[in-house]
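Participant: model the following, please.
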Amino acid sequence: MALSEPSGRIQAQVLLVDDDARLAEMLEGYLGAAGYRVQVAPNLASARQVLAAKSALPDAVILDLMLPDGDGLDFCRQLRAVPQAAGLPVLMLSARGEPMDRVIGLELGADDYLAKPFEPR
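Facilitator: Predicted coordinates:
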């Protein structure tokens, strides 16, 4: 469910799945200042709970690959297998920055791949 701003515009909602609390806080602040509503999930179990509890999918997912309870690549593949989430934009965010890592991420369904560290803008 999208929330309306006072101006009547609907805020885009982003699900950020990352276990790095400092990075998540920085991204939440940066994206929030840009007009996005961000929900942070520190692991895959939390991300699954958020997705199951929502009446509507977020507008996008920012997904870390190396999470304490699993692999973001597998999660992306699972998301793409669900018809309602097949078109959900997914940005992979990872410390794995080698070209082959990027290729694999994009082949498994990510819309884009951003290596850490990165410039938020």
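Participant: CA atoms for contacts and neighbours, from now on please.
Facilitator: OK.
Participant: in the protein, which spans are strands?
Facilitator: Along the chain, the segments classed as strands by DSSP state E run 13-17, 37-41, 60-64, 66-67, 70-71, 90-94, 112-115.
Participant: I'd like those strands laid out as TSV, including distance to residue 25, mean pLDDT and mean neighbour count.
Facilitator: Conversion of these to TSV gives the following (distance: least, C-alpha to C-alpha, whole Å; pLDDT from 0 to 100; neighbours: other C-alpha atoms under 10 Å):
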stretch	distance to residue 25	mean pLDDT	mean neighbour count
strand 13-17	10	97	23
strand 37-41	9	96	20
strand 60-64	13	96	23
strand 66-67	17	94	17
strand 70-71	21	93	14
strand 90-94	15	92	23
strand 112-115	18	90	18
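Participant: can you list those in TSV and add distance to residue 80?
Facilitator: Converted to TSV, those look like this (distance: least, C-alpha to C-alpha, whole Å):
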stretch	distance to residue 80
strand 13-17	15
strand 37-41	19
strand 60-64	12
strand 66-67	18
strand 70-71	15
strand 90-94	10
strand 112-115	14
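Participant: name the single longest helix found in the chain.
Facilitator: When the chain is scanned for its longest helix (criterion: DSSP state H), the result is helix 21-33.
Participant: packing partners of that helix?
Facilitator: Applying 3 or more C-alpha pairs under 8 Å, 6 or more residues apart in numbering; DSSP states H and E, one finds that helix 21-33 contacts strand 37-41.
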